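Undergrad: Have a look; sequence and predicted model below, questions after that.
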Amino acid sequence: MNALKNLYFKLYSNCKIVEGYNKAAIYDLQREKMYHIPKDMYQVIVQNEGQKISDIYKSFEKSNWEIIDEYFSFLIERDLILLLESASDFCDFPDINFSFEDPFTLNTAIIAFENSKNWKKTTFKIINNLKSVNCKNIQLRTNSTFDIDSFLELISIFTEIHFFTSLSLIVDSSILPLLMEKKIIRTPILNFIMYFGEKDIVSPELSEKVLKDYQVKIIYYENNDFPRFNNNEIRLSCFTPNIQTFSESQKNNIYYNKKVFIDINGDIYQSPYTHKIRGNIFESNLLSLVNTESFKEYWKITKDQIETCQDCEFRYACNDGRVPIKKSNHLFYIEEDCSYNPYKE
């Protein structure tokens, strides 16, 4: 560390530090990684960013220098800070503009299939509606009752239509080996598979290899409450610390914004966690439906407006589907507890 003490430091523009009630987090938005850090480390960074490192040591008693060493070693080893000889050189590294714009009416559609009856008719009706709102991100959910050959054909329809750009799957564990056998993981737009049922059907080594070779993340979900998965704790495995999500979260709810859920009967909801039917895919025009104010009621409710969430250091990366309830003009609360408590040490 001694050789670096005459340098000035600053977090890289793609690294954002977020304060929580008891701890903080550094989001590496380029590498999509997140680091949990103590509140004292947060204070050292935000109060001294842009300063010469040696001056920071001078502001502390010698008894604290060892912990300051640990803080800077942590930041340097993970390549989170920029080190320069002059503070004036930081102007050559401008901040990132985190404004967010999405020109599409809908961003994500979650679609559940339970059996093979009329699935093709339903699929093409859904696709035509999704095209009308330029929705390009799809999540397909199915359980063991859906015929595997039909499911493979279903995936092919969504991937070969050359309109959708992102696909994720939630499937019963009995289906997963067949998907692997049929090389579904090589599907170019596939990025995520969650499976439920038998846990050990995929080894950690295989999951790691699939992620490395095909950039497809495979995770296990212990509950079997298809098709809604109301436990919602899956979000703790699916934090998305990237530039798009961070930008969107500043003025939008990153779970609800521009999302739709279509269940096994073709009924349309705002998400799997809401239970009011807004229409049916065979009776409603999706474009007209999602443009109503009632359908968009949760889109602009940020985590900074929700009690407890506003004190959580993960709030700009957490896909929390729990329904926010209005408390006052600018504040909301959530009835269900989260398994992570930002107020505990």
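TA: Nice, thanks for sending it over. Numbering: from 1, shown residues only.

Undergrad: Just the mean pLDDT for stretch 272-282, thanks.
TA: Taken as a whole, stretch 272-282 has a mean pLDDT of 94.

Undergrad: before we move on, what about stretch 318-335?
TA: Averaged across stretch 318-335, the pLDDT comes to 91.

Undergrad: ok, now stretch 119-137?
TA: Mean predicted lDDT for stretch 119-137 stands at 94.

Undergrad: Alpha carbons of that stretch, as PDB, please.
TA: Presented in PDB, the C-alpha positions along stretch 119-137 are these (Å, rounded to 0.1, in the frame of the first residue of the first chain):
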ATOM      1  CA  TRP A 119     -51.100 -24.400 -26.600                       C
ATOM      2  CA  LYS A 120     -50.400 -23.500 -30.200                       C
ATOM      3  CA  LYS A 121     -53.500 -21.400 -30.600                       C
ATOM      4  CA  THR A 122     -52.700 -19.600 -27.300                       C
ATOM      5  CA  THR A 123     -49.000 -19.200 -28.300                       C
ATOM      6  CA  PHE A 124     -49.700 -17.500 -31.600                       C
ATOM      7  CA  LYS A 125     -52.300 -15.300 -30.100                       C
ATOM      8  CA  ILE A 126     -49.900 -14.200 -27.400                       C
ATOM      9  CA  ILE A 127     -47.100 -13.600 -29.900                       C
ATOM     10  CA  ASN A 128     -49.200 -11.400 -32.100                       C
ATOM     11  CA  ASN A 129     -50.200  -9.300 -29.000                       C
ATOM     12  CA  LEU A 130     -46.600  -9.100 -27.800                       C
ATOM     13  CA  LYS A 131     -45.500  -7.800 -31.200                       C
ATOM     14  CA  SER A 132     -48.000  -5.000 -31.000                       C
ATOM     15  CA  VAL A 133     -46.300  -3.800 -27.800                       C
ATOM     16  CA  ASN A 134     -42.700  -4.500 -29.000                       C
ATOM     17  CA  CYS A 135     -42.100  -6.800 -26.000                       C
ATOM     18  CA  LYS A 136     -38.900  -8.700 -26.700                       C
ATOM     19  CA  ASN A 137     -38.100 -10.400 -23.400                       C
END
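
Undergrad: Can you mark which positions in it are buried?
TA: Buried positions in stretch 119-137, judged by neighbour count with 16 or more other C-beta atoms under 10 Å: 119, 122-123, 125-127, 129-130, 133, 135-137. Where you see a C-beta, it was placed from the backbone N, CA and C, and this is true even at glycine.

Undergrad: Alright, calling it a day.
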